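A.B. asks: Sequence first, then the predicted structure:
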Amino acid sequence: MPVPTEAGGLFPRSATPRPSEKRPGTATTMRAVRDAESPTFYDVGKPTCSLNLVCYGSGAEGCDLRRVRCVLRTVFPGDESFDTVTEANPNLVYTDDRFFREMRRLYGNRMCGFFRRYFSLKTLRGFRVLAYTPTTRPTVVPFDDFVLQEIMYAYRNPDRLSSTHDWIHWVFRLRCKDRRHALEFVEGWNTTRIAISGSIPWLGSSVVGIIWAATGGDPQTAFTVASFILTSSSIILALLAIISSVESSGGLSR
């Protein structure tokens, strides 16, 4: 699956000519001035590039930060040197499918935890790209929604990707001297889980009442027990919703 052209840039280009374009002969001077004024926090000459993965929570956990380290085969002089580096560093990612499988592993096993993975009423709903520097807090990068949908599709279906290195190149194109980028996992309410969680107590209490009455028990007692089960389950469901909301609270507003 090819990466859209929009994924290659961070901000839309303006149609207004720059001063260096209006005055021929000054392009080199203007570029030199911009380079001298731009802060340099990060080394962009390394053959590897890391993409931070962020999931905002609350309480003691706060922001959970993980990292995927990518490497490009094309920056090495030959396959032998590339194989030597990847064998010595097995955590390096160099193909698209492995990149998204590593993202799934880190999010599912390290960032979510057992409770959020199986019992939370909130699940992963999308992604956002964040930009930050050592002196500023993260801000949301205005990416096109189509690009973010492509990321979600690739994340959910890494085995269906037709590309091999397109997304790895995309990670390298995010690399800048003056800022770094992170991919935020955005969680939201899962309507399917909510519907199932709400239906199970009602069905369970009804089945208990019917079986109790069918086996010769007092119908009034049967449905009293069923009502108790339904009420208790509703309270537990409400507590689960509160915990889910608290566990996934935080993050950045657009």
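C.D. replies: That came through fine. Residues are numbered from 1 along each chain as shown.
A.B. asks: Below-threshold pLDDT in the stretch 1-150 of the chain: ranges please.
C.D. replies: 1-41, 57-62 (pLDDT under 70).
A.B. asks: if you set the cut-off to 50 instead, what comes out?
C.D. replies: Applying pLDDT under 50 to the stretch 1-150 of the chain flags residues 2-37.
A.B. asks: Please parse the chain into its domains.
C.D. replies: 39-189, 192-247 (automatic domain parsing).
A.B. asks: Tell me how far the closest residue to Leu106 other than its chain neighbours lies from Arg104.
C.D. replies: Once flanking residues are discounted, Leu106 sits nearest to Arg66: 4.4 Å by C-beta to C-beta, 6 or more residues apart in numbering. C-beta here means a position set from N, CA and C on the backbone, and glycine is covered the same way. Separation of Arg66 from Arg104 (C-beta to C-beta, to the nearest Å): 12 Å.
A.B. asks: Please identify which of those two sits among more neighbours.
C.D. replies: Arg66 (19 against 13; other C-beta atoms under 10 Å).
A.B. asks: Show me where the protein has its strands.
C.D. replies: 48-56, 63-71, 122-133, 136-140, 180-189 (DSSP state E).
A.B. asks: What separation do you get for the residue nearest to Leu106 and Asn52?
C.D. replies: 7 Å.
A.B. asks: how many neighbours does the nearest residue to Cys63 once chain neighbours are set aside have?
C.D. replies: Among residues not flanking Cys63 along the chain, Tyr56 sits closest, at 5.4 Å (C-beta to C-beta, 6+ apart). By other C-beta under 10 Å, 19 other residues sit near Tyr56.
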